[in-house]
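Undergrad: give me a model of this one.
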Amino acid sequence: MTVNSEPTRSSSGYWYGGAEERRAAVRVLEALRDYRSAESAMRRRTRTSMGMGETDLLALRHLLEAQRAGRLVRPGELAQRLGISSASVTTLLDRLTRSGHLRREPHPTDRRALVVRATEGSDDEVRASLDAMHARLLDAALGLDAQQAETVIGFLHAARDAVDTVDGQD
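TA: Numbers count the residues shown, from 1 in each chain. I've put the predicted structure just below:
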C-alpha cells in the first residue's frame, strides 16, 4: 500500500495551520475525514435500505453482537448502551418488533424480566447489506505489512483517545 494512493488535495490546513512540517499530518487527518464521511454515507444508505433510523441500527448491531457472544440483553441494558431513556427504549423496541427485526422473550431464569433478541431475518438483512463492504475493508487491511498495521493501529488509538478526551478533563 502506498502513502500516496489518493489524489493530492490542496488544503489550507484550516484547522491545523499550513506549516510545511505539518503537511503530512494534515494529509493524514484529511484522509481520515474522507473515510469518516464515506462511512457515514454508507451507514445512511444501510439505514435507508433497511428502513431504520440511526438508533434502530445501533440497537440491532448491539443485539447481534450480544447474541454472537451468547449474552442476553435486557431492555434496560440496551437503553444504557444507547444513552436513551427507558421510555425511548420501549418505543424503539416496539418499532423494531413491528418491523420484524426484534422479538421480546421471557428471561430464561428470571420470570419478572424480559430479554430482547434480534430475529434471524435481521441478521441475514444486516449481513446482506454489509458483508461486501466488510470484505473490501479487510482486503484494504490485508494490504498492510505488520509494521504498517501497527502504525495504523497506534494512530487510530491515539486519534480515538484525542476525541474521547473532554477539554480540561481526562
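
Undergrad: would you mark the buried spots in whatever helix or strand residue 41 lives in?
TA: Assessed by DSSP states H and E, residue 41 sits inside helix 23-50. Under the neighbour-count criterion of 16 or more other CB atoms under 10 Å, helix 23-50 has 26, 27, 29, 30, 46, 47, 50 buried. (Each C-beta comes from the backbone N, C-alpha and C, glycine too.)

Undergrad: what is that helix packed up against?
TA: helix 54-68, helix 120-142 (3 or more CB pairs under 8 Å, 6 or more residues apart in numbering; DSSP states H and E).

Undergrad: relative to helix 120-142, how tilted is it?
TA: Per axes from the mean of the first three to the mean of the last three CA atoms, to 10 degrees, the angle that helix 23-50 makes with helix 120-142 is 160 degrees.

Undergrad: give me the low-pLDDT residue ranges for the protein?
TA: For the chain, residues meeting the criterion pLDDT under 70 lie at 1-18, 167-170.

Undergrad: work out which residue lies at the spatial centre of it.
TA: Per CA atoms, centre = their mean, the C-alpha nearest to the average position across the chain is that of residue 58, at 7.7 Å.

Undergrad: adding distance to residue 34, write the helices and strands packed on helix 23-50 out as TSV.
TA: What follows is these, written out as TSV (distance: least, CB to CB, whole Å):
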stretch	distance to residue 34
helix 54-68	21
helix 120-142	13
